[in-house]
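Q: how does the following fold in three dimensions:
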Amino acid sequence: MPTFSIDLLDILIIAGIGQGGLLLALCIRFFRQNKAASALLGGLVLMLIWLQLEFLAIRGVVSIPVPAFYGTRFGAWLAIGPLIVFYQRALRDPQFTWQKAYFWHFLPFLSFVIILPAFFAWQLHPHAVNYGLLIYLQYPHLEYNGWYFFYLFLFPLQFIQLAGYLLKTQRELKTYEHTLQEHLAKLEVYTLAWLRQLLAWLTFFVLTTLLFLLLSPYLGLYIRELDFIYIFPMVAIVYTISFKSFRQESIFGKIAPPALSVNTAKKYEKSALTPAKAKQLKQQLIEHMLNQKSHLNNELTLRILAKELQVPPYQLSQLLNEHFKKSFFDFVNGYRIQEVIAFVDKPSHKKTTLLEAAFACGFNNKTSFINNFKKYTGQTPSKYFKTRKQLGIEGK
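A: Just a heads-up that it's a prediction; the model follows:
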């Protein structure tokens, strides 16, 4: 084992491990809110602690009295991808339950990180324990057995596997957000934007690891300090989750998204919405929005609007998709933007701020208002109204 030593970089990693411990405590605290989401998030944090602890053990900062534990960093990431996929599913669906088929996603982790090392740890070259499994760069003249090369190739393959799961998670989130747009006019509560930040951090981690893998052969030797290229993003991930946990308890699955049907290519296959009926409903919808101004209701949903029109929700969804070429989200917020413009142009509202106007017209979130306004007009609200004032067309 390496002699004991500790420096500032090690202290930062130890702090990350401590922060991870606090996160585990929070997962236990919020376990009743959403058991699956809290357990999966706890599993993710536990893996991050494991990876950092093993790194410190390799450096000799801590001593783990289990020989098989050393080297598990090269394979432990096989559990991160599945944990991310199932965690975001549990956040989207409070009724998410664990199924036996999900076990297969964790089989590579159990096999390569727990079972094989437990029975074949003695097969690893002793230098591989101290320097990680890039020892061939430091001592290329040594003879290595098949197990050594097996773990050597496992090192890059685990990050390829992680990248695949990150892409899968991104696709599922995109589908989910599209479904939300078909039913809701406000998304900020359910978009799981923080999870996208987590995915961005993990993607950055994969890229930094790629940099590590490229630099080591280029330099021609294994420099232990290069490990920090991919270790520190790991610590940053722990602090990202921690920061969000204190500001957004929904990361533990505290939110309860509405039950939504997922869009499929055949969802309107048996629809009773004939062309003639669609034309009539389209005109009815336009008149309803102009006269009743349903968009001013910041809790408006597809189901509520369909009830006001006395039509089935799926017919209204079909009308919006096929005849307006818009999602429910874009349709309603388009009316809200028009309402904001008309509201600001009134002489009696000259002293009203843009944010106050947005809230009065159905928006309940500043970011959502700005994003939708820019999407609808191509400009930010402040720039749009400044241009109108310069052109002398405000209030007309």
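Q: please export the C-alpha coordinates of stretch 363-375 as PDB.
A: Taking only C-alpha atoms (Å, rounded to 0.1, in the frame of the first residue of the first chain), the coordinates of stretch 363-375 have been written out as PDB:
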ATOM      1  CA  PHE A 363     -48.000  33.300 -16.600                       C
ATOM      2  CA  ASN A 364     -46.800  32.500 -13.100                       C
ATOM      3  CA  ASN A 365     -43.100  32.200 -13.800                       C
ATOM      4  CA  LYS A 366     -40.600  34.800 -15.100                       C
ATOM      5  CA  THR A 367     -38.400  32.300 -17.000                       C
ATOM      6  CA  SER A 368     -41.400  30.700 -18.700                       C
ATOM      7  CA  PHE A 369     -42.700  34.200 -19.700                       C
ATOM      8  CA  ILE A 370     -39.400  35.300 -21.200                       C
ATOM      9  CA  ASN A 371     -38.800  32.000 -23.000                       C
ATOM     10  CA  ASN A 372     -42.300  31.900 -24.500                       C
ATOM     11  CA  PHE A 373     -42.300  35.600 -25.400                       C
ATOM     12  CA  LYS A 374     -39.000  35.100 -27.300                       C
ATOM     13  CA  LYS A 375     -40.300  32.000 -29.000                       C
END
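Q: in it, which residues are buried?
A: Residues of stretch 363-375 classed as buried under the neighbour-count rule (16 or more other CB atoms under 10 Å) are 363, 365, 368-370, 372-373. No exception for glycine: its C-beta is placed from N, CA and C like everyone else's.
Q: for this protein, which helix is longest?
A: Of all the elements of type helix in the chain, the one with the most residues (DSSP state H) is helix 146-183.
Q: quick check: mean pLDDT across that helix?
A: Helix 146-183 shows a mean pLDDT of 85 in the predicted model.
Q: ranking helices and strands of the chain by mean pLDDT, which lands last?
A: Least confident helix or strand, the chain: helix 126-131 with a mean of 56, by mean pLDDT, DSSP states H and E.
Q: tell me which of the buried residues of stretch 363-375 fall in helices.
A: Members of those lying in helices (criterion: DSSP H): 368-370, 372-373.
Q: so which of those comes closest to Gln283?
A: Out of those, the one with the shortest distance to Gln283 is Asn372. That distance is 25.1 Å, counting by CB to CB.
Q: my guess is the closest one meets Arg336, correct?
A: Yes - assessed by CB atoms under 8 Å, Asn372 is found in contact with Arg336 at 7.2 Å.
Q: got any residues that touch both of the two?
A: With CB atoms under 8 Å, 6 or more residues apart in numbering applied, the overlap between the contact sets of Asn372 and Arg336 consists of Phe363.
Q: might you list the low-confidence residue ranges for the stretch 1-150 of the chain?
A: Counting by pLDDT under 70, the stretch 1-150 of the chain has low-confidence residues at 1-6, 67-68, 70-71, 74, 121-140, 142, 144.
Q: how about a cut-off of 50?
A: The model of the stretch 1-150 of the chain has pLDDT under 50 over residues 1-3.
Q: circling back to that earlier point, what are the buried residues along the longest helix of the chain?
A: Of the residues in helix 146-183, those scored as buried under the neighbour-count criterion (16+ other CB under 10 Å) are 147-148, 151-152, 154-155, 157-159, 161-163, 165-166, 169, 173, 176-177, 179-183.
Q: where does the residue most central in space within the chain land on pLDDT?
A: Ranked by distance to the mean C-alpha position of the chain (CA atoms, centre = their mean), the top residue is Leu195 at 2.5 Å. Reading off the confidence values, Leu195 has pLDDT 82.
Q: and it, how far from Ile255?
A: When CB to CB, to the nearest Å is the yardstick, Leu195 and Ile255 sit 12 Å from each other.
Q: find residues that contact each of these two.
A: Joint contacts of Leu195 and Ile255 (CB under 8 Å, 6+ apart) are Leu91.
Q: list the contacts of the residue nearest to the centre of the chain.
A: So, once contact is read as CB under 8 Å, 6+ apart, Leu195 ends up touching 88, 91, 173, 251.
Q: how about a cut-off of 7 Å?
A: For Leu195, the residues meeting the contact criterion (CB atoms under 7 Å, 6 or more residues apart in numbering) are 88, 91.
Q: which secondary structure state does it sit in?
A: Following DSSP: H, G, I helix; E, B strand; the rest coil, Leu195 is assigned to helix.
Q: and Thr208, how far is that from Gly20?
A: Distance of Thr208 to Gly20, computed by CB to CB: 19 Å.
Q: tell me the secondary structure at Leu44.
A: helix.
Q: quick one: it and Phe103, what's the gap?
A: In this structure, Leu44 lies at 17 Å from Phe103, with CB to CB as the measure.
Q: those two - which one has more neighbours?
A: Counting neighbours by other CB atoms under 10 Å for Leu44 and for Phe103 shows that Leu44 has the greater number, 24 against 11.
Q: residues contacting the closest residue to that one other than its chain neighbours?
A: Using CB to CB, 6 or more residues apart in numbering and skipping the chain neighbours, the partner closest in space to Leu44 is Leu83 (4.6 Å). Leu83 makes contacts with 40, 43-44, 47, as judged by CB under 7 Å, 6+ apart.
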